[in-house]
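K.L.:
Below is the structure, and that's it, no one-letter string:
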């Protein structure tokens, strides 16, 4: 146990909604991080990845369960830990040097020593010459380098990273990942372990020694995969692509299980607790039209994601929706069009609207509920607040708004009902 940095034991986390309802974010999470390894937490939005990271950092307390750092209970922020954020989180009124010195100043390090260590960190991360620059003068990649320098200058035992490359363009992200891995492999820092949150499967396989896959609503550890490849890793190699394919398959299988559970729920209570995938019709149509070009072949999901430049938060909701409507079939990490999917992709606009309306009436309980209320009410009108209140029995306020927004977008496209944005009122355009 001497090389164990972090030990997460049966952690649960729940938040209270505005009406006092308990909403579970993490459930029975067990996780260990040992010295000299990089672990990636991979999952869709809503899987609790960032919440888990903050619990480990001592910034958020678990509802139940325990987190140990070096075999000691975590009861607050850990001094030997640094975090890199997605949003850079730099002080705009401070120079690069002053931003990097912040952590050292908070620790009470004397001015001369913190200046010396900050300059060394800036040089190590490749920003030598920009010490006096302000964040507004820097590109996104350079600002994130400042974030890395600020995290590394305090010589952290553990480095936590919350989607640190997601706000960068592809080339900049690749360069910064490579530089970080070079620092790690060549042991140019004192960091003994790295835990990174990501929703990019390829990124997880590039960086991590272990990939932990979290499922959603609530977040639970669904699978763990050891990446047995030397650094630096060849993204075009057969071994690398095999790991990527395996993770895609794991995540799609889990999504399929979730849909089956949701389908059973629908039989009990209208299924309003099913979180509609965050997609719009134009995205779905565009993806279907691209699949037609493969002429009935099964398409490898990583290949599809690469061609469309999509990460799992973009691709998975679309695939989940298309499979829910019976327009695609997914198996063993591949997707293919069904007969109905091909018919929809090749139909004209009016036919697509009619087909989509049928899919919604057959498969989406929330749409069924909205249509039922509008048909039964005098005047065939209802405020969106009525439906939001109902959805907040199942979701947070923010998630309820997102689910209803998705349903309204789908229903308007299918011409099942109208919506006035200014008044927030849904109505039937043609009550007869």
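P.N.:
Done, it's in. Just so we're clear, the structure is a prediction, and the values are computed from it rather than from any experiment.

K.L.:
distance of the residue nearest the centre of the chain from residue 371?
P.N.:
The centroid of the chain falls nearest to residue 45 when counting by C-alpha atoms, centre = their mean (3.3 Å). Distance, residue 45 to residue 371, by C-beta to C-beta, to the nearest Å: 28 Å. (Glycine included, C-beta is placed from N, CA and C.)

K.L.:
one step back: quick one, phi/psi of the residue nearest to the centre of the chain?
P.N.:
With angles defined as degrees, to the nearest 10, residue 45 sits at phi -60, psi 140.

K.L.:
what sits against it?
P.N.:
Listed by C-beta atoms under 8 Å, 6 or more residues apart in numbering, the contact partners of residue 45 are 199, 216, 313.

K.L.:
For my notes, confirm residue 335 occurs in a strand.
P.N.:
Yes - Residue 335 sits within a strand when classified using DSSP: H, G, I helix; E, B strand; the rest coil.

K.L.:
Would you mind confirming that it makes contact with residue 319?
P.N.:
Yes - between residue 335 and residue 319 a contact is recorded at 6.3 Å, counting by C-beta atoms under 8 Å.

K.L.:
Tell me the residues that contact both of the two, please.
P.N.:
Listed as contacting both residue 335 and residue 319 by C-beta under 8 Å, 6+ apart are 301, 328.

K.L.:
Would you mark the buried spots in stretch 338-356?
P.N.:
Of all the residues in stretch 338-356, those buried under the rule 16 or more other C-beta atoms under 10 Å are 341-342, 344-345, 352-353, 355-356.

K.L.:
now, among these, which is nearest to residue 186?
P.N.:
Using C-beta to C-beta, residue 341 is the member of the buried residues of stretch 338-356 that lies nearest residue 186, at 49.5 Å.

K.L.:
give the contact list for that closest one.
P.N.:
Going by C-beta under 8 Å, 6+ apart, residue 341 touches 288, 291, 322, 326-328.

K.L.:
buried set for the helix or strand residue 399 falls within?
P.N.:
Using DSSP states H and E, residue 399 sits within helix 397-413. Residues 399-400, 402-404, 406-411, 413 are the ones in helix 397-413 that count as buried (16+ other C-beta under 10 Å).

K.L.:
Kindly report the same for stretch 51-65.
P.N.:
In terms of neighbour count (16+ other C-beta under 10 Å), stretch 51-65 has its buried residues at 51-59, 62, 65.

K.L.:
got the residues you listed as a markdown table, with distance to residue 116, secondary structure and pLDDT columns?
P.N.:
Output for those, formatted as a markdown table (distance: C-beta to C-beta, whole Å; DSSP: H, G, I helix; E, B strand; the rest coil; pLDDT from 0 to 100):
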| residue | distance to residue 116 | secondary structure | pLDDT |
| --- | --- | --- | --- |
| 51 | 37 | helix | 89 |
| 52 | 35 | helix | 91 |
| 53 | 31 | helix | 90 |
| 54 | 31 | helix | 91 |
| 55 | 34 | helix | 92 |
| 56 | 30 | helix | 92 |
| 57 | 27 | helix | 90 |
| 58 | 29 | coil | 90 |
| 59 | 29 | coil | 89 |
| 62 | 39 | coil | 90 |
| 65 | 41 | strand | 91 |
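
K.L.:
Just give me the closest of those residues to residue 365.
P.N.:
residue 51 (28.2 Å).

K.L.:
can you tell me which residues contact that closest one?
P.N.:
13, 25-26, 60, 219.

K.L.:
separation between it and residue 197?
P.N.:
Distance, residue 51 to residue 197, by C-beta to C-beta: 10 Å.

K.L.:
before we move on, what about residue 36?
P.N.:
Counting by C-beta to C-beta - residue 36 and residue 197 are separated by 20 Å.

K.L.:
and if you look at residue 315?
P.N.:
Distance from residue 315 to residue 197, by C-beta to C-beta: 18 Å.

K.L.:
more crowded one of the two?
P.N.:
Taking neighbours as other C-beta atoms under 10 Å, residue 315 and residue 197 compare with residue 197 leading, 24 against 21.

K.L.:
which regions of the stretch 301-432 of the chain sit below the pLDDT cut-off?
P.N.:
For the stretch 301-432 of the chain, applying pLDDT under 70 flags the ranges 429-432.

K.L.:
Outline the domain layout of this structure.
P.N.:
Following automatic domain parsing, one gets these domains for the chain: 4-248, 281-427.

K.L.:
would you list those in a markdown table and tack on distance to residue 272?
P.N.:
Below are the domains of the chain laid out as a markdown table (distance: least, C-beta to C-beta, whole Å):
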| stretch | distance to residue 272 |
| --- | --- |
| domain 4-248 | 14 |
| domain 281-427 | 6 |
